[in-house]
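3D model of this:
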Amino acid sequence: MAAGSPHTESPRQEHSSSPAVGHTDNPAHTVMDKLLGLLRIRIKRGLNLAVRDVRSSDPYVVVRMDTQRMKTRVIRKDVNPEWNEDMTLSVTDPEQPVLVEVYDHDTFSMDDSMGNAEFDIRPFVEALKIHPTGLPNGTRIKTIQPSRSNCLVEESSVVWRDGKIMQDMCLRLKNVECGELQVQLQWIDLPGSKAL
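This next block holds a predicted model:
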């Protein structure tokens, strides 16, 4: 048949059963399509954590958001441990809370719970939407007060520091007799991620 005749099929018509451009069944692409950015959570330190062994504890922290789970290293025999470890989570839904759980590592039995706390990242994400630039270092963008609906020990501010938006929080652990956890949030924009 001559080129351009009405009976010539284009390559696109020959492969009509293939997915449309931009569509994929690959779950990695689906996550990337929904990805807003990355949340870096620095687990700084624990304060006055509960004793679960004879005179001390061997604490570590587990961070969960949706199906993601990350864990710090174990610090031996310390109820005031300093981790200063960064955990990076993919954020696709800012409505998902972050859960932090503290455990005492035991060698010959199940690890003991040392409490948990949950926090909402929506106030942090709202501050990101402002897109501050040129603000003086240390400028408060938003302040969150402690309430019955959050685990904050004291007010927590979202601040512009060193060209980044950060939030320091001190969380009171629940379901335990004592203990607090200091954490810091920082946002990481990714090229190609959905804009906030």
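
for this structure, which segments count as strands?
Taking DSSP state E as the criterion, the chain carries its strands at 37-47, 59-65, 68-71, 82-91, 98-104, 112-119, 139-144, 156-161, 164-172, 180-188.

reformat these as JSON lines; add mean pLDDT and distance to residue 125.
In this view, the C-beta of every residue, glycine as well, is placed from N, C-alpha and C. Below are those laid out as JSON lines (pLDDT from 0 to 100; distance: least, Cβ to Cβ, whole Å):
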{"stretch": "strand 37-47", "mean pLDDT": "97", "distance to residue 125": "9"}
{"stretch": "strand 59-65", "mean pLDDT": "98", "distance to residue 125": "13"}
{"stretch": "strand 68-71", "mean pLDDT": "98", "distance to residue 125": "16"}
{"stretch": "strand 82-91", "mean pLDDT": "97", "distance to residue 125": "8"}
{"stretch": "strand 98-104", "mean pLDDT": "98", "distance to residue 125": "12"}
{"stretch": "strand 112-119", "mean pLDDT": "97", "distance to residue 125": "12"}
{"stretch": "strand 139-144", "mean pLDDT": "94", "distance to residue 125": "10"}
{"stretch": "strand 156-161", "mean pLDDT": "94", "distance to residue 125": "10"}
{"stretch": "strand 164-172", "mean pLDDT": "96", "distance to residue 125": "10"}
{"stretch": "strand 180-188", "mean pLDDT": "97", "distance to residue 125": "8"}
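
give the bridge partners for residue 180, please.
For residue 180, the beta-bridge partners are residue 47, residue 172 (DSSP bridges).

give the buried residues for stretch 142-159.
Neighbour counts over stretch 142-159 (16 or more other Cβ atoms under 10 Å) mark 142, 144, 150, 151, 152, 153, 156, 157, 158, 159 as buried.

what's the end-to-end length of that stretch?
End-to-end distance of stretch 142-159: 7 Å, with Cα to Cα, to the nearest Å as the criterion.

closest one of the buried residues of stretch 142-159 to residue 69?
Distance to residue 69, by Cβ to Cβ, is smallest for residue 151 among the buried residues of stretch 142-159, at 19.0 Å.

which residues touch that closest one?
117, 118, 119, 171, 172, 173, 174 (Cβ atoms under 8 Å, 6 or more residues apart in numbering).

can you tell me the closest non-neighbouring residue to residue 61?
residue 72 (4.6 Å; Cβ to Cβ, 6 or more residues apart in numbering).

quick one: contacts for the one you found?
43, 60, 61, 62, 83, 85, 87.

isn't the last one up against residue 70?
Yes: between residue 87 and residue 70 a contact is recorded at 4.3 Å, counting by Cβ atoms under 8 Å.
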